[in-house]
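Asks: Quick one, fold the following:
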Amino acid sequence: MTGIQDTVRLHNGVHMPWVGLGVWQTPEGKQVEQAVLHAIGAGYRSIDTATLYENEEGVGRAVRESGVKRDELFVTTKVWNADQGYENTLRAFEDSRRRLKLDVIDLYLVHWPVAGKYIETYRALEKLYKDGYVRAIGVSNFMVPHLENLLAQAEIKPMVNQVEFHPRLTQPELQSFCKEQGIQLEAWSPLMQGHLDIPLLQELAAKYGKSPAQIVLRWDLQKGIVTIPKSVRKERIEENANLFDFELSDADVAEIDALNEGKRFGRDPFTFWSTSA
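Replies: Modelled structure (predicted):
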């Protein structure tokens with residue numbers, strides 16, 4: 001990896017940037033538009049939104065106003081839990097596409113594995129993919145049992161699984177499973193919602209002349225995990241992109257790995273919306 005626009009090749013041949021901007025909890029309107037424009041100006045080419053975030057319109061406006069060719073940008077959105085089910089998902093997708101004002105979405109995800117619905121929801125994604133409305137499809141917050149159940153019934157293997165992933169929650173079993181299946185793991189809340197006051201991260205930041213956030217994001221990349229840090233501040237957006245002039249040693253990567261304690265800052269996929277496999 002040499003820069004912010006480097007990509008990973010998904011199993012269907014589509015190239016996805018290693019680093020993107022997450023816009024969760026970024027208000028619709030000027031704030032999300034400015035954040036996206038700052039990111040694209042800093043070299044980001046991937047933006048991650050969702051129906052739940054209620055800012056797809058602003059993301060779409062910023063994409064159009066950025067001056068960057070549409071085929072150089074990678075836009076992700078997700079179907080929310082209340083919209084799951086086959087027909088509901090198809091309608092929700094059209095609503096997202098209308099808000100974004102984009103003919104084709106680069107990546108469409110099932111936001112959570114809602115019990116009794118995520119299989120038919122994913123079938124709708126397969127149709128959208130076959131019909132050419134999305135370039136790649138995948139899931140979010142799916143654990144190994146959900147993926148096993150889905151893979152047993154799906155025609156098209158998910159290209160991406162976006163999950164909570166950070167030094168306190170490394171999910172090694174899920175990492176291994178996704179790697180074996182050729183499903184690209186992507187980290188949401190990679191910076192632990194700001195909980196970076198960990199002595200080891202402070203020590204490594206001093207050692208490498210970087211911030212604790214940069215240490216964590218570089219760790220993501222060296223583990224082969226796509227990362228989408230969220231920020232609305234121009235200087236922080238730029239800082240989060242400055243990851244390609246240093247490399248963590250294997251020993252330091254292992255030390256960060258050892259911080260894992262199974263701690264979530266977000267919802268548990270096994271209990272949120274009764275998401276049993």
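Asks: count of residues packed around Asp103?
Replies: For Asp103, the neighbour count with other CB atoms under 10 Å is 9. Placement of C-beta: from N, CA and C, glycine included.
Asks: Thr76 - that's part of a strand, no?
Replies: Yes: according to DSSP: H, G, I helix; E, B strand; the rest coil, Thr76 belongs to a strand.
Asks: Bridged to it, which residues?
Replies: Under DSSP bridges, the beta-bridge partners of Thr76 are Asp48, Leu107.
Asks: separation between it and Val232?
Replies: In this view, Thr76 and Val232 are 18 Å apart by CB to CB, to the nearest Å.
Asks: Show me which positions of the longest helix seen in the chain end up buried.
Replies: In the chain, taking DSSP state H as the definition, the longest helix is helix 86-100. For helix 86-100, burial by neighbour count (16 or more other CB atoms under 10 Å) applies to Asn88, Thr89, Leu90, Ala92, Phe93, Ser96, Arg97, Arg99, Leu100.
Asks: gap between Gly209 and Arg218?
Replies: Here Gly209 is placed at a distance of 12 Å from Arg218 (CB to CB).
Asks: repeat for Glu120
Replies: The gap separating Glu120 from Arg218 is 39 Å, by CB to CB.
Asks: So those two - more neighbours on which side?
Replies: Arg218 (25 against 15).
Asks: OK, contacts around the more buried one?
Replies: Arg218 sits next to Lys210, Leu243, Phe246, Glu247, Leu248 when contact means CB atoms under 8 Å, 6 or more residues apart in numbering.
Asks: separation between it and Trp80?
Replies: Remark: distance between Arg218 and Trp80 (CB to CB) = 32 Å.
Asks: now His146
Replies: Using CB to CB, one gets 17 Å for the distance from His146 to Trp80.
Asks: More neighbours: which of these two?
Replies: His146 (23 against 20).
Asks: Correct me if wrong: that one contacts Tyr118.
Replies: Yes: assessed by CB atoms under 8 Å, His146 is found in contact with Tyr118 at 7.0 Å.
Asks: What's the local residue count around Pro199?
Replies: For Pro199, the neighbour count with other CB under 10 Å is 7.
Asks: Next: Phe265.
Replies: Neighbour count of Phe265, defined by other CB under 10 Å: 14.
Asks: Leaving out chain neighbours, which residue sits closest to it?
Replies: Closest residue in space to Phe265, ignoring its immediate chain neighbours: Gln193 at 4.8 Å, by CB to CB, 6 or more residues apart in numbering.
Asks: How many residues are close by that neighbour?
Replies: The number of residues packed near Gln193 is 14, by other CB under 10 Å.
Asks: now it: how far from Glu164?
Replies: Counting by CB to CB - Gln193 and Glu164 are separated by 10 Å.
Asks: Could you verify my assumption that Gln181 touches Ala154?
Replies: No: between Gln181 and Ala154 there is no contact under CB under 8 Å: 11.2 Å.
Asks: coming back round to it: residues in contact with the longest helix of the chain: which ones?
Replies: By CB under 8 Å, 6+ apart, the residues outside helix 86-100 that reach it are 49, 51, 56-57, 59-60, 63, 75, 77, 79-80, 83, 103, 105, 108, 120-121, 123-125, 127-128, 133-134.
Asks: Which members of these are classed as buried?
Replies: Those of the contacts of helix 86-100 that meet the buried threshold are 49, 51, 56-57, 59-60, 63, 75, 77, 79-80, 83, 105, 108, 121, 123-125, 127-128, 133-134, by 16+ other CB under 10 Å.
Asks: Now, those residues that are in strands?
Replies: Val75, Thr77, Val79, Ile105, Tyr108, Val134 (DSSP state E).
Asks: Greatest separation within these: which pair is it?
Replies: The span of these, defined through CB to CB, is set by Val75 and Val79 at 14.6 Å.
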